[in-house]
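requesting a structural model of the entry that follows:
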Amino acid sequence: MGINNINEMNIMKAIKYTVFLLLIVLSWSCKNDFINEIYVDPVAKFSVSPDTAAYQVLSPVQFQNQGTGQTFVVYPGDAGHVYGQQNNTGYATDVSGQFTYSYTTIGTYTAVWVASSIKSDGTIVTSVDSVQINVIAEDGGLSNFVIPNIYKMTEYSTGPYYSSSGTFVSSSSDTMVCPIVYEAWATTSTINTIKRGFAPTFSLVSPSTVMYWNNPANGSDIQTVSGSTARNVWFVTPQTAGGTNVQLQTQLFKVVTASGYTFNYYASPVVIPTFTSFSVTVGESTYTANYNATTITAADNTITRDGSFYNHYNVNLTLPKGTDLSALTPSFVVVNNDTNLTDGSNLWVSINGVPQTSGASVVDLSSQNITYDIKMGLLGDPNPNLIQDAQMIVNIKLQ
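Below is the predicted model of the structure:
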């Protein structure tokens, strides 16, 4: 083969190799041009909605991009999702730069927003922004609080047990009222009564929280498990089973989150009031209806519970035929004047909003039916919301 032919072949090889390199360069150049074209300086900026000072546990929190970048990642700040901590992860937003998250535990968290972009040389540029997220539980983080099986109600044919379900006094309150039927207080039993230890049942908003009862007898915190067989939570002081000289007392419960936050809640047992006697004097004689806890069947001269309501009572009083009912002065006793329930300052009796005083207020009973309203608070507790009310439906029968 001649020299010229060899050179021509070498030249052709050189040309092919040069073209190959050129294609590679052009390809890489196009790729870099594309990367450079889509590159934007990342600026981390985001909004959180709803725009509020605190978020309800388990409710959705929406993070929305307000800055620039190619990708966006959110670190909510709760366990396992803390920015900068080893083995913790964040969440990529959708293509619109939006991400929705629900916190499972009450507490305060630092939510971090990371905006990123990549340069043509492979360098990743990031920008970081953050905000504090306060997660609360407006219903206390504690819900469905029940003092179970307080009193066996033998006045009903089925003999059910009365249990008291706590109700928060307002949507933002940390205090619950637990209604207690009067019989559960007045009984002399040491086991069928509110005057003993209980194992409350309850639900916590987050499964990672723990609840404790603060024993007022010694100030110690005792872990409380819903439905436990350990009946060691008391609602009276002193803690004496069936005690005759005890008082109902608001109890402190502490809910502790996995992150160490403690939230205090208060359960206040308040007796549903009732007349224990109601009397009217006609001439020289006094006619009295007395409270009967053993039946819900209305009878002459008795005070019995309405079978359908725990706070409605029927007062059935028989008076002599011909009695002028237009201006009578009834006398009444509420909860047997028990000084461990009331000293008078926490008790209000009225008819249609008009205060009534036993043995002093004149009442027109011509209709032979009138309703008294009774309100009673928790003795010794200054919280004005710890109230239970009852309706006393007075029915007059003439002989």
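
and the residue nearest to Gly307 when sequence neighbours are not counted, its phi and psi?
Of all residues not flanking Gly307 in the chain, Ile296 sits nearest, at 4.2 Å (Cβ to Cβ, 6 or more residues apart in numbering). Every residue, glycine included, has its C-beta placed from N, CA and C. Main-chain dihedrals, Ile296, degrees, to the nearest 10: phi -110, psi 10.

my guess is Leu252 meets Ser268, correct?
No - the criterion here is Cβ atoms under 8 Å, and Leu252 misses it with Ser268 at 10.5 Å.

how many other residues sit next to the closest residue to Thr104 other than its chain neighbours?
Sequence neighbours aside, Ser206 is the residue nearest to Thr104 in space, at 5.2 Å (criterion: Cβ to Cβ, 6+ apart). Neighbourhood size, Ser206 [other Cβ atoms under 10 Å]: 18.

how about Ser206, phi and psi?
The phi/psi pair for Ser206 (degrees, to the nearest 10) is phi -110, psi 130.

across the sheet, point out what pairs with the closest residue to Thr286 other than its chain neighbours.
In space, Thr286 comes closest to Ser279 once its chain neighbours are excluded; the distance is 5.3 Å by Cβ to Cβ, 6+ apart. Beta-bridge pairing for Ser279 (DSSP bridges): Thr288, Ser331.

tell me which strands the helix or strand hosting Val177 pairs with, and in which orientation.
Here Val177, judged by DSSP states H and E, is contained in strand 175-180. As defined by DSSP bridges, the strand partners of strand 175-180 come to strand 167-168 (antiparallel), strand 262-271 (parallel).

quick one on the thing from earlier: what's around the residue nearest to Gly307, how many residues?
By other Cβ under 10 Å, 17 other residues sit near Ile296.

Leu252 and Ser268: who's more crowded?
Each of Leu252 and Ser268 has its neighbours counted (other Cβ under 10 Å); Ser268 has more, 22 against 17.

residue ranges in the stretch 101-250 of the chain under the pLDDT threshold?
137-140, 171-172 (pLDDT under 70).

ranges for the helices of it?
With DSSP state H, counting those that start in this stretch as the criterion, the stretch 101-250 of the chain has helices at 182-186.

and the strands in it?
107-118, 124-136, 142-152, 161-165, 167-168, 175-180, 201-204, 210-214, 221-224, 236-237, 247-248 (DSSP state E, counting those that start in this stretch).

select, out of those, the one closest to Thr187.
strand 142-152 (7.0 Å; Cβ to Cβ).
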